[in-house]
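Chemist: Here is a sequence together with a model predicted from it:
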Amino acid sequence: MEWLVRPLHEAGFRVVALDHHGNNHVDGYEPEGFLHVWDRPRDVTLALDALAREELLGPVGVAGFSLGGYTAAALAGARVDPQIVWAVLTGAVRLPEIPEFPGALEALRRKHPLDESSRRALDAAAADLSDSRVRAVFQVAPGAGGLVTPESLAAVKVPVGIRWGGADTVNPYEVDTRPYLEHVPTASGRSAGPDVRHDDFFAPEPADPAVRVRVGGEAAAFFQQHLG
């Protein structure tokens, strides 16, 4: 994610990048890290609390790629619909294959058998995970758009910028980006290009390296406008 961190740093922002437990290259993969998405915003709030104990925080912006896009939106008030999550977990709604963790859903079911107690535990998914310190959000190829409620998105008040790839089959525009763009009243955005894939934002050799460099610059400009 250097393409995103560098322009933010060069624009004068203090940048903190999080490794979410169970979904990073440091301590490995766990199914909850990919499927219990509502735990991710809590990680950010925990990090902000720790930073605030060190020194006074200025206006906070959150940028996120893929599931990080959902994480950023959740910190601005987006809420997951637990009924949809339950439908995904039970197989009533198909979960697209997760390239980094094929079989993540089956692994989760083995660890947490689906029963009434596990369904009640999903109430945590619907909690308000917003953080009042977050003043602006920038999403890149955001995920989980099909899991969030339109009502919660309609209540988002901070500026939201969105970029997506026109050839993204991991988080397709219609499923994952359109809900944010259409229901968040403060959202604006544009495609990064008709041929841009999800992988082009993180692959060692993207089809066009200039795309993500441009998007990183646009993220920095967005936050300069809304946090300056």
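Modeler: Thanks, I have it.
Chemist: Dump stretch 119-129 to CSV, keeping only the CA atoms.
Modeler: Extracted in CSV, the C-alpha atoms of stretch 119-129 (Å, rounded to 0.1, in the frame of the first residue of the first chain):
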residue,chain,number,x,y,z
ARG,A,119,-26.8,-16.1,15.2
ARG,A,120,-27.3,-13.9,18.3
ALA,A,121,-23.6,-13.1,18.2
LEU,A,122,-24.2,-11.4,14.9
ASP,A,123,-26.0,-8.6,16.7
ALA,A,124,-22.5,-7.2,17.1
ALA,A,125,-22.4,-6.7,13.3
ALA,A,126,-25.3,-4.2,13.5
ALA,A,127,-23.7,-2.1,16.2
ASP,A,128,-22.8,1.6,15.5
LEU,A,129,-19.1,1.5,15.0
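Chemist: Tell me the buried residues in it?
Modeler: 122, 125-126, 129 (16 or more other C-beta atoms under 10 Å). Quick note: C-beta positions are derived from backbone N, CA and C, even for glycine.
Chemist: ok, and what's touching stretch 186-193?
Modeler: Residues outside stretch 186-193 that contact it (C-beta atoms under 8 Å, 6 or more residues apart in numbering): 139, 156-166, 173, 177, 180-181, 208, 211-212, 214-215.
Chemist: now do 6 Å
Modeler: For stretch 186-193, the external contacting residues (C-beta atoms under 6 Å, 6 or more residues apart in numbering) are 159-166, 180-181, 211, 215.
Chemist: Which ones among the buried residues of stretch 119-129 map onto helices?
Modeler: Judged by DSSP state H, the buried residues of stretch 119-129 include no members of helices.
Chemist: where does this structure have its least confident helix or strand?
Modeler: Lowest by mean pLDDT, DSSP states H and E among the helices and strands of the chain is helix 116-121, with a mean of 78.
Chemist: by contact count, what packs against the next helix or strand after it?
Modeler: Sequence order places strand 134-140 as the next helix or strand after helix 116-121, per DSSP states H and E. Counting contacts by 3 or more C-beta pairs under 6 Å, 6 or more residues apart in numbering; DSSP states H and E, strand 134-140 packs against strand 60-65, helix 67-74, strand 160-164, helix 209-227.
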